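A.B. asks: Return a 3D structure for these sequence lines:
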Amino acid sequence: MFTDSKLTRMLQWADFVAYAVFRRYEHSDSALLDRIIGKFAQSGGVLHGLVHLLANYQECYCPACVTRRSTTKIVTIGGVA
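C.D. replies: The predicted structure follows:
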């Protein structure tokens, strides 16, 4: 859908968020995303609304993967993790 961004400020916000995420993942520039990351929904220490689909979250250090890694429970078998 295409529309004039002057018609609604919410569309301008959506464009800004999309650009900030794009810059973070495509160009490793986190300056814009760092300013808004606290506005993403969180529960139980996990960041929602931002998911890194192509990454192994155990090896990635983006905000989405870090919060998922920090809440992963270690399952022990016979006392060995």
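
A.B. asks: The closest residue to residue 31 other than its chain neighbours - how many residues pack around it?
C.D. replies: Excluding its sequence neighbours, the residue lying closest to residue 31 (C-beta to C-beta, 6 or more residues apart in numbering) is residue 23, at 7.5 Å. For glycine as for every other residue, the C-beta is placed from the backbone atoms N, C-alpha and C. Burial of residue 23 is recorded as 15 neighbouring residues (other C-beta atoms under 10 Å).

A.B. asks: what comes up buried for the longest helix along the chain?
C.D. replies: Using DSSP state H to assign secondary structure, the helix with the most residues in the chain is helix 9-27. By 16 or more other C-beta atoms under 10 Å, the buried positions in helix 9-27 come out as 17, 20, 21, 24, 25.

A.B. asks: swap in stretch 62-70?
C.D. replies: 62, 63, 64, 65, 67, 68.

A.B. asks: Return the alpha-carbon coordinates of it using CSV.
C.D. replies: What follows is the C-alpha trace of stretch 62-70 in CSV, where atoms were taken according to Å, rounded to 0.1, in the frame of the first residue of the first chain:
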residue,chain,number,x,y,z
CYS,A,62,21.5,-8.2,18.2
PRO,A,63,18.9,-7.0,20.7
ALA,A,64,16.3,-9.6,19.7
CYS,A,65,18.8,-12.5,20.0
VAL,A,66,20.4,-11.3,23.2
THR,A,67,17.1,-11.2,25.1
ARG,A,68,16.1,-14.6,23.9
ARG,A,69,19.5,-16.1,24.8
SER,A,70,19.4,-14.6,28.3
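
A.B. asks: wait, is residue 67 part of a helix?
C.D. replies: Yes: the assignment for residue 67 is a helix, going by DSSP: H, G, I helix; E, B strand; the rest coil.

A.B. asks: May I have the beta-bridge partners of the spatially closest residue to it that is not a sequence neighbour?
C.D. replies: Nearest in space to residue 67, with sequence neighbours left out and distances taken as C-beta to C-beta, 6+ apart, is residue 47 at 4.3 Å. According to DSSP bridges, the partner residues bridging residue 47 are residue 42.
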